[in-house]
Structure formats: C-alpha cells, structure tokens
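1. below are the sequence and a predicted model; questions follow.
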Amino acid sequence: MIVTRFKDKDKVLETLRGFKKIAILGCNICSAECGTSGKEVLEDYSNFLREKGFDVVANILIEGMCNTLLVKKDIKKLKDIDYDIILVFSCGAGTQVTCLYTKKPVFTSLDTVYLAQRQRVGQFEESCIMCGDCVLNKTMGICPRTQCSKGIANGPCGGSLNGKCEVDENKDCAWIKIYEKLEKNESIRNIEKSYKPLKNINELKPRKDKV
Amino acid sequence: MSILKEIILSGKKVLTAELFAPKGIDMTLISKKVELLKHYIHAFNVTDNQRATMRVSSLGLCAWIQNNFNVETVFQLNCRDRNRIALQSDLLAASLLGIKNVLVITGDHPSVGDHDFAKAVYDMDSVQLLHTISGLKKGVDFSGNELKGNPDIFVGATANPAARPLRPHLIKFGKKVHAGAEFFQTQVVFDTDKYIEFAKQANEYNIPIIAGISLIKNVKFAHFINKSVPGLNVPEETIKRLSQSEDYKEERVKIACEIIEKLKPYVAGFHFMAFGLEREIPQIIEKTKI
Ligand code: SF4
Ligand code: SF4
C-alpha cells in the first residue's frame, strides 16, 4: 500500500485562501488504511473547514482514486453542485487523476511518502522503492534498496558495526541480515559476485506500461 | 608512477597522514599541518566532505596542496555526493591536475552530517566505482565509450578491521580486490587482536594494507568517537589506561606506538589520523622507527 501523511493544516488553509465552496474527494483504499482518508476523517476535516468559514458542498469517498475509471464515474456526482475547488485525500496519483475530470482547481491535503507493508493497524514500514531491478531473489527476500540506509548493492559499508547500521545504533544493518540469512541457507555465493549499478530506476519518467 | 605505489612496491613501510578539509577557505591551519609533517610522511590523504559535513572538496584541496607544497596527495572520492557521470569526470580532472592516488569510499550517510536532508546519491557503491575506475584506466568509461588519454590512477579502497561479523566484510573486501583495488587503507585500529584476526584472512589476497593509526586526545574524545563516528570503537581498556595514567599525553603516544609495533608484521604502511594532534606524529614515527 501507499502511505500518505497529512499536510500541515495551516498550509492547506493557506492554499485554500480566496476560495469558498469546497468539494472533498477521498480515497477509501490506501489512504483510508493509513488514517488520512475514510468516512470519519473526511467528516472531521469538513467540520474543521466549516469552522474556518468554508462551505463544504460535497464529500465523496471513492474506492481507489488511482483508478481513472472510478474517479471519472464518481466525480459525476458533482455535476449539479456548485463548487470552487476540489480538495483531495489520496496519494499523488489520485490527485492527478482527479485533475483529468474537472476544469476547477484541485488541491491535495496529503503528502505521499512510500510503498509500505502494513504491520498492524496504524503501523507501516517502507518495503520497496520500486527500483525496477528487483534483487529479492538473491537476497533472501530482504530488500537492500529499502532496508539499507544507503541502498547500496554491494554491502555492508564501512559503517556497519556489530550488525547495526551507521545511521542508527538501533537499526539492523541490512547487509548483515542478508548475509546471515544467506549463510543459513548455504547461498553465500549470491553476494560473492558484484552487482551492477541500478538501471531501471533512472528510466525516463513518467514510466508507462501497457499489458 | 605515484610515490605511494613506488614505496609500497619497494617493500618499505609507506606513511600517510589524513587532512580534514576545512569548512571555509582559510588555509592557515592546514598549511601548518602540511609544513609540519611533509618531511615525515609520503602523502597527504584529504577527506571528502567527511561525516557528510560540507567542506572544501578533496579534489580541490589535493590540487592546492600539491601545487603549494610539492607533496603527493591521495584524493578521497565518495559515492554519496556524485552520480556516475560526476564520479568519472572528477577522476579525470584529478588525473589532469596531477593527482595520482585515489581512495574510493562509500561516504557517511547525510543524516550523520550537517546537511540532514541532502539527497544521498549512491548511484554507484564503492565496488561499482572501483570497477568503473579499472575501466577508465584501460581507456573506457562506464558506458563503454573510449577515452582520449587514460588517467593514471593508483586506486585504493577502505576496510574496517574491527567490523564484526567479519565474514561479510571480507566478502566485500574480496569484491573490491576483484574490482581493481590496488591497496587498502583501514579505519583507525584501536584493537590489535581484532586487526590481526582480520589481517590473517585479508592478507590471503596479497594486497597491500595501510593501517589507520590515531591519537586519542583524551577520555572525552574517546567517548565522542564511540558515540558519533560510524564504525569506530575505542576499547574500554584504552579509555581506562588514558584516564588512569599520570600523564595522558605521554600515554596516548605510547598507546599509538604499541599498536604500530604489534601491526608491523601485517601491514604495508601506516595512515595517521591525528584529530588535531599532528605535532605528535613525528615522535611516533621516530620512536617506532618506521
Ligand atoms: S529490490 Fe527493488 S523492486 Fe525489489 S523490493 Fe527492493 S526496491 Fe522493490
Ligand atoms: S550500515 Fe549496513 S544498512 Fe547501514 S548504510 Fe551501511 S550497509 Fe547499509
């Protein structure tokens, strides 16, 4: 899932200055999962905006705002509503999708941060930087691009001491973890060869796929 | 050929000293250090934004020192601040400026330095950079394009003999050798037993290793190192010796000399990281007759 965080409310208010009628769209998948969208969150935020003098004229929850078809369908609910702007509660993809289907300004209340595993309710950890050259098959499922602070492909670095990472003595060194797991599985040879620098992460953006 | 390489090949112990690049362009202190040490050591090794704090670049300072003092330098090149284009182009520039030695380092993470949110590049890691340098020396860049005029570089890499578990670090050591490292310079050695355990295995690669030697100013400084220098650890015993000795200044020189004596059979030379105590290096060199 994609983790999002709330922007500072004062910053959002600053963005909204000069507008009056606000339509709210929120994603009911990832953002709802990490507490930055969902029914209650949107209601609370609507009340907050009303207190600040805005008119919240619509409040719509969509089952996945990165999905153009769904947004296109649900945004039709705004057809007969008079609004100045749309305020979105989703990842950056959802905000950009919304822009495709309205001529009015679209703003987001969230910052999009990373691709995560959900460890339990409300607890997430980054797991993949979407490097495009996945090495998990060689590293026993431990992602060095994400788990190693430097994201290096031939670790450990010189700062690794007693299994801990140089940036934080409470953080395990990813490369020692990889080494230990490979050793247990008699696959040390996987890290005896040198890995080449990443290629696909530097592809021309935006990247596109058609399947 | 680089003097460093010549001495190593001759079998004599090579001696180098680290210079911390200053923050700003006031070169008074650096000049004093170079003047003080240039008759005792073979080359000055200049740090490259060490601990991720912004300073004069290693490349610039190496060239400045070579021009002004007529001594050889070692250009430290970190992978943190440059992508593959900048790494190679700085290497060519170094060669053009007459810098013959390069020490490849990964580079401390920006979060430990003074520009917390700087973009950490790590487009290449140290192993990949060594491979790339091997290519440049043969006249081809990373993408396989031909160079007009190959750089002449004596290239080294780093190792931390105290890092445990040792095996993954030795695997990486082997990768660096395979990638073209011609010498190694180690992190400061405080624990000689750990060093010897490391050297016995690393020396199988038959590659010159220059051991890092440091002077620990005082007990406070030892605690600072343990707390804030990645990968370094002053043993409790050393701290105890320093705190219990009558003359800690004499004691710290004695400690350094003892370490050198113990390491002599295992190393190609010594690299001094004096942390401001450069004036004590000559006596150490004289006492240990290196
Ligand atoms: S190696 Fe790349 S694709 Fe695989 S999990 Fe890590 S970042 Fe994601
Ligand atoms: S200590 Fe380990 S996890 Fe941390 S940056 Fe170095 S190699 Fe990566």
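-> That came through fine. From a predicted model like this one, the values you see are computed outputs, not experimental measurements. Numbering: from 1, shown residues only, chains lettered A, B, ... in the order given. Ligands and ions are numbered 1, 2, ... in the order given.

2. got the residues of the stretch 151-290 of chain B near chain A?
-> B:158-160, B:162-165, B:167-169, B:171-172, B:174-175, B:178-179, B:187, B:230-233 (CB under 8 Å from any CB of the partner chain). Where C-beta positions appear, they are placed from N, C-alpha and C, glycine not excepted.

3. which of these are buried?
-> By neighbour count, with 16 or more other CB atoms under 10 Å in any protein chain shown, those hold B:158-160, B:162-164, B:168-169, B:171-172, B:174-175, B:178-179, B:187, B:230-233 as buried.

4. so which of the residues you listed belong to strands?
-> B:158, B:159, B:187 (DSSP state E).

5. state the pLDDT value of the first one.
-> Just to be clear, that refers to residue B:158. Predicted confidence (pLDDT) for residue B:158: 98.

6. same thing with the last one?
-> Taken from the predicted model, the pLDDT recorded for residue B:187 is 95.

7. which ones are touching it?
-> Residue B:187 is in contact with A:158, B:158, B:159, B:160, B:161, B:162, B:212, B:231, B:232, counting by CB atoms under 8 Å, 6 or more residues apart in numbering or on different chains.

8. near ligand 2, from the ones in strands among the buried ones among the residues of the stretch 151-290 of chain B next to chain A?
-> Counting by CB under 6 Å from any ligand atom, the subset of these that neighbours ligand 2 is empty.

9. adding distance to residue A:72, write the residues you listed out as a markdown table.
-> Formatted as a markdown table, these follow (distance: CB to CB, whole Å):
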| residue | distance to residue A:72 |
| --- | --- |
| B:158 | 56 |
| B:159 | 58 |
| B:187 | 58 |
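
10. quick one: the helices in chain A?
-> Here chain A has its helices, by DSSP state H, at A:9-16, A:30-33, A:39-51, A:68-74, A:92-99, A:144-147, A:174-184.

11. for the longest strand anywhere in chain A, packing partners?
-> When chain A is parsed with DSSP E, its longest strand is strand A:110-120. If contacts are counted by 3 or more CB pairs under 8 Å, 6 or more residues apart in numbering or on different chains; DSSP states H and E, strand A:110-120 sits against strand A:2-6, strand A:123-128.

12. could I get the contacting residues of the residue nearest the centre of chain B?
-> Geometric centre of chain B, nearest residue: residue B:185, 5.3 Å, by CA atoms, centre = their mean. Applying CB under 8 Å, 6+ apart, we find residue B:185 in contact with B:16, B:45, B:103, B:156, B:157, B:158, B:159, B:209, B:210, B:212, B:271.

13. if we use 6 Å, what do you get?
-> With contact set as CB atoms under 6 Å, 6 or more residues apart in numbering or on different chains, residue B:185 has these partners: B:103, B:156, B:158, B:210, B:271.

14. which of those are buried?
-> Among the contacts of residue B:185, the ones that count as buried by 16+ other CB under 10 Å are B:103, B:156, B:158, B:210, B:271.

15. any chance of CSV for the residues you listed, columns secondary structure?
-> Below are these laid out as CSV (DSSP: H, G, I helix; E, B strand; the rest coil):
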residue, secondary structure
B:103, strand
B:156, strand
B:158, strand
B:210, strand
B:271, strand
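
16. closest to residue A:3 among those?
-> residue B:158 (35.6 Å; CB to CB).

17. hang on, the earlier thing: closest to residue B:89 among the contacts of residue B:187?
-> When the contacts of residue B:187 are compared against residue B:89 (criterion: CB to CB), the nearest one is residue B:158, at 22.3 Å.

18. so residue B:154 versus ligand 2, what's the distance?
-> As judged by CB to the nearest ligand atom, to the nearest Å, residue B:154 and ligand 2 stand 26 Å apart.

19. that older thread, how about the helices and strands packed on strand A:110-120 in TSV, adding distance to residue A:163 and mean neighbour count?
-> Below are the helices and strands packed on strand A:110-120 laid out as TSV (distance: least, CB to CB, whole Å; neighbours: other CB atoms under 10 Å in any protein chain shown):
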stretch	distance to residue A:163	mean neighbour count
strand A:2-6	27	19
strand A:123-128	19	14
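
20. and residue A:18, which of the ones you listed is closest to it?
-> Once the helices and strands packed on strand A:110-120 are compared by CB to CB, strand A:2-6 is nearest, at 21.8 Å.

21. tell me what angle that closest one forms with helix A:92-99.
-> 80 degrees (axes from the mean of the first three to the mean of the last three CA atoms, to 10 degrees).

22. parallel or antiparallel, list what pairs with strand A:2-6.
-> Sheet pairing for strand A:2-6, assigned by DSSP bridges, gives strand A:110-120 (antiparallel).

23. who touches the partner strand?
-> So strand A:110-120 is in contact with A:1, A:3-5, A:7, A:36, A:91-92, A:124-128, going by CB under 6 Å, 6+ apart.

24. JSON lines for the residues you listed, including pLDDT?
-> Below are those laid out as JSON lines (pLDDT from 0 to 100):
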{"residue": "A:1", "pLDDT": "96"}
{"residue": "A:3", "pLDDT": "98"}
{"residue": "A:4", "pLDDT": "98"}
{"residue": "A:5", "pLDDT": "98"}
{"residue": "A:7", "pLDDT": "98"}
{"residue": "A:36", "pLDDT": "98"}
{"residue": "A:91", "pLDDT": "98"}
{"residue": "A:92", "pLDDT": "98"}
{"residue": "A:124", "pLDDT": "97"}
{"residue": "A:125", "pLDDT": "96"}
{"residue": "A:126", "pLDDT": "97"}
{"residue": "A:127", "pLDDT": "97"}
{"residue": "A:128", "pLDDT": "98"}
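
25. show me what residue of the stretch 51-200 of chain B gets nearest to ligand 2.
-> Ranked by CB to the nearest ligand atom, the top residue of the stretch 51-200 of chain B for proximity to ligand 2 is residue B:109, at 6.0 Å.

26. spatially nearest residue to whichever residue of the stretch 101-250 of chain B sits closest to ligand 1 (excluding sequence neighbours)?
-> Across the stretch 101-250 of chain B, no residue is closer to ligand 1 than residue B:122, which sits at 13.5 Å (CB to the nearest ligand atom). Sequence neighbours aside, residue A:150 is the residue nearest to residue B:122 in space, at 4.9 Å (criterion: CB to CB, 6 or more residues apart in numbering or on different chains).

27. pretty sure residue B:155 sits in a helix.
-> No. Looking at residue B:155 with three-state DSSP, it is strand, so not inside a helix.
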